[in-house]
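**Q** how would this look folded up:
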Amino acid sequence: MKLIAPSILSADFSRLGEEIAAVEAAGADWIHIDVMDGHFVPNITIGPAVVKSLRKLTRLPFDVHLMVKHPEQFLDAFAEAGSDVITVHVETADHLHRTVTRIRELGPKAGVSLNPGTPLTLIEPILADIDLLLIMTVNPGFSGQQFIRTMLPKIRQARECIDRQAPAVLLEVDGGVTLTNMPSILEAGADVLVAGAAVFSSGDYRATISKMKALIG
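**A** Numbers count the residues shown, from 1 in each chain. The predicted structure is shown next:
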């Protein structure tokens with residue numbers, strides 16, 4: 001199963017509902033929602049009230065990526081807002097196992113994200129307790145950054161680790177994903193590809209997502 005998850009961080013925030021409807025009509029599988037707090041990352045984006053409002057506009061799964069400090073404080077609110085997946089960063093969750101357990105108790109699937117400089121060894125002890133592993137291929141905080149090519153070996157290692165320890169876990173890649181580098185990312189073993197600027201700056205969402213789906217095969 002290979003999925004395309006457009007990140008609304010690159011969408012026109014003045015017309016988010018229309019943007020989501022457009023990528024849904026264009027064939028998107030998930031909607032990726034980046035939540036930033038201005039502390040863990042420089043920017044501030046949206047909170048649970050906006051997610052709740054957007055939830056009424058689409059049936060696509062909401063893939064909510066919490067780039068925030070103390071994510072455990074926000075789990076209930078984002079679950080109630082309609083998140084289908086809630087991903088937290090290993091760098092910010094003080095009690096990671098407790099946090100992912102709580103996400104699952106609330107109903108959403110539990111994901112854990114690793115920044116480019118964070119080793120895979122930090123997630124291996126609880127890999128079987130999560131539903132999704134997100135490998136960041138840019139340093140988080142801004143849309144439109146270039147893919148860090150040295151992350152391809154890390155994606156391959158993550159794929160091997162998942163296949164060995166927890167085959168049901170989805171491997172997601174987020175950061176600088178484009179039509180040009182998608183073949184390499186897919187070859188490395190990604191299941192879910194987050195594409196922000198590549199979709200929302202393309203001018204033709206349907207054509208771009210169709211090309212992405214064609215690469216998946």
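**Q** Break down this structure into its helices, ranges please.
**A** Applying DSSP state H to the chain gives helices spanning 16-26, 48-55, 75-80, 96-106, 152-165, 182-188, 197-200, 205-216.
**Q** Now do the contacts for the nearest residue to A25 once chain neighbours are set aside.
**A** Of all residues beyond its chain neighbours, the one nearest A25 is R206 (7.2 Å), with distances taken as CB to CB, 6 or more residues apart in numbering. For the C-beta atoms, the positions are set from N, CA and C on the backbone; glycine is no exception. R206 sits next to A25, A26, G27 when contact means CB atoms under 8 Å, 6 or more residues apart in numbering.
**Q** who wins for most neighbours among these?
**A** Highest neighbour count within the contacts of R206: A26, with 20 neighbours (other CB atoms under 10 Å).
**Q** What's the separation between that one and F62?
**A** Using CB to CB, to the nearest Å, A26 is found at 17 Å from F62.
**Q** P42 too?
**A** Taken as CB to CB, the span from P42 to F62 is 24 Å.
**Q** and what of I103?
**A** Taken as CB to CB, the span from I103 to F62 is 13 Å.
**Q** More neighbours: those two, which one.
**A** Taking neighbours as other CB under 10 Å, I103 and F62 compare with I103 leading, 27 against 23.
**Q** one step back: which one of the helices of the chain lies closest to K69?
**A** Closest to K69 of the helices of the chain, according to CB to CB: helix 96-106, at 12.4 Å.
**Q** Just the C-alpha atoms of the closest one, please, in PDB.
**A** This file holds the C-alpha atoms of helix 96-106, laid out as PDB (Å, rounded to 0.1, in the frame of the first residue of the first chain):
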ATOM      1  CA  LEU A  96       7.300   8.200  24.400                       C
ATOM      2  CA  HIS A  97       5.700   4.800  25.100                       C
ATOM      3  CA  ARG A  98       3.100   6.300  27.400                       C
ATOM      4  CA  THR A  99       2.300   9.000  24.800                       C
ATOM      5  CA  VAL A 100       1.800   6.500  21.900                       C
ATOM      6  CA  THR A 101      -0.200   4.300  24.200                       C
ATOM      7  CA  ARG A 102      -2.500   7.200  25.000                       C
ATOM      8  CA  ILE A 103      -2.900   8.100  21.300                       C
ATOM      9  CA  ARG A 104      -4.100   4.600  20.600                       C
ATOM     10  CA  GLU A 105      -6.500   4.600  23.700                       C
ATOM     11  CA  LEU A 106      -8.100   7.800  22.200                       C
END
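**Q** What are the buried residues along that helix?
**A** L96, T99, V100, R102, I103 (16 or more other CB atoms under 10 Å).
**Q** With that, I have no additional questions.
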